[in-house]
Structure formats: structure tokens, C-alpha cells
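Asker: with the sequence up front, the predicted model follows.
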Amino acid sequence: MASINPGRMTHQHDGELVVFHIGMTINRWWRPDLWLPISAEMGPMLRELSTDPESGLLGFTMLIGARGPYLVQYWSSLEKLYAYASAPAQTHRPAWTRFNKRARKAAGAVGIWHETYLVDRAESIFVATPAMGLPKATAIVPVGSRHDRAAARAADGRTSARPSVEPAQ
């Protein structure tokens with residue numbers, strides 16, 4: 001079990017940040033023969049990405065929604081996300097081809113969706129939790145007194161936990 005950070009924590013990240021949501025809607029729960037094979041495709045992709053530090057995947061969280069599983073992924077760039085999605089030698093492209101073949105055989109049984117967000121600024125706070133979400137994907141740091149309020153963290157964006165440095169005069 002992950003250790004609990006007892007204080008007030010936030011994330012720290014410099015550079016481009018992409019948040020990618022991807023999920024599966026199970027439209028025919030009574031047909032696991034149609035949705036289980038599709039569900040099983042994500043594990044190998046996540047293993048491939050997680051073991052390659054150059055992939056661009058910073059981290060992910062798996063969630064279960066009312067219609068099926070979905071992932072929140074954090075990427076270091078849009079370019080790396082798109083490169084992985086279209087690379088024929090990596091796991092995603094063959095999995096996508098298999099999904100499309102299955103979808104034609106049982107139209108509407110399973111849906112796939114995604115949303116991509118380029119993050120200009122992000123604010124976070126985690127109190128008495130293990131490292132999770134954005135701080136787990138980037139860096140988890142204590143909330144400084146200057147950033148005690150959400151508005152102050154949001155104003156500073158990705159560098160919300162850093163103390164401000166006055167320019168030398």
C-alpha cells in the first residue's frame with residue numbers, strides 16, 4: 001500500500017503537459033465475449049509505455065465509470081502522444097485494427113472514446129493521500145505558505161509549489 005503524505009501537497013511540473021482521457025463504453029454487458037477482448041488490449045499498451053521513459057507517458061490512473069473503464073493519462077507532449085498512437089511497430093496500432101474488426105462484427109456493442117487537453121496551467125491539492133493523479137505523474141511537493149489558496153496555485157500554474165524568486169537588482 002502506498003504511503004500517505006500527511007501534509008498538504010501539490011504538483012510541480014515545467015514544460016508541456018497533456019491530459020488524455022480514454023475509455024470504453026460497454027453497451028452490451030451481457031456479452032463479455034465482445035468487450036473483454038477489447039478491455040484486455042489496454043494492459044499491454046500501458047506496460048509498453050511505462051517501461052519506455054522516452055514514450056512521453058508521465059503517468060496514468062485507471063477509473064471505472066457507469067459505462068465502463070477509462071484512463072486519465074498524463075503526457076509530456078502532444079507530439080509524443082500522437083507518435084505513439086500512429087506508430088505501426090508499437091502495440092496501439094495493431095490493437096486499434098483489431099478493435100475496428102470486432103466493431104464491424106458487433107456494431108454498437110462496445111464504444112471507444114477519448115478527449116485530449118493541452119494544459120496551459122494546472123492547480124492541485126492533495127491532503128492526507130498517497131501520491132496520485134497529477135503529482136504522481138509529475139512531482140509531488142508540499143504546498144508553500146504563499147500557495148495556501150487554490151487561486152494562488154492556479155495563478156502560478158505548473159510551478160505552483162515553487163517560491164517566487166525576485167529578480168536581482
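Answerer: Nice, thanks for sending it over. Residues are numbered from 1 along each chain as shown.
Asker: tell me which element the residue nearest the centre of the chain falls in.
Answerer: In the chain, the C-alpha closest to the average C-alpha coordinate belongs to Gln73, at a distance of 1.3 Å (C-alpha atoms, centre = their mean). Element membership for Gln73 (DSSP states H and E) is strand 68-75.
Asker: how about residues contacting that strand?
Answerer: Strand 68-75 is contacted from outside by 17-26, 35, 39, 42, 46, 56-64, 81, 133-134, 137-138, using C-beta atoms under 8 Å, 6 or more residues apart in numbering. C-beta coordinates here come from the backbone N, C-alpha and C atoms, glycine included.
Asker: same question, stretch 93-111
Answerer: Defining contact as C-beta under 8 Å, 6+ apart, one finds that stretch 93-111 is touched by 24-28, 31, 34-35, 37-38, 41, 44-45, 67, 85-87, 112.
Asker: so which of the residues you listed are in strands?
Answerer: 24-26, 112 (DSSP state E).
Asker: where is the longest helix in this structure?
Answerer: Using DSSP state H to define each element, the chain has its longest helix at helix 92-105.
Asker: send me it as CSV with only the CA atoms.
Answerer: Taking Å, rounded to 0.1, in the frame of the first residue of the first chain, the C-alpha atoms of helix 92-105 are listed here in CSV:
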residue,chain,number,x,y,z
HIS,A,92,-1.6,0.6,-30.1
ARG,A,93,-1.9,0.4,-34.0
PRO,A,94,-2.5,-3.4,-34.1
ALA,A,95,-4.9,-3.1,-31.2
TRP,A,96,-6.8,-0.4,-32.9
THR,A,97,-7.0,-2.6,-36.1
ARG,A,98,-8.4,-5.5,-34.0
PHE,A,99,-10.9,-3.2,-32.4
ASN,A,100,-12.2,-2.0,-35.7
LYS,A,101,-12.6,-5.6,-37.0
ARG,A,102,-14.5,-6.6,-33.8
ALA,A,103,-16.7,-3.4,-34.0
ARG,A,104,-17.8,-4.3,-37.6
LYS,A,105,-18.8,-7.8,-36.4
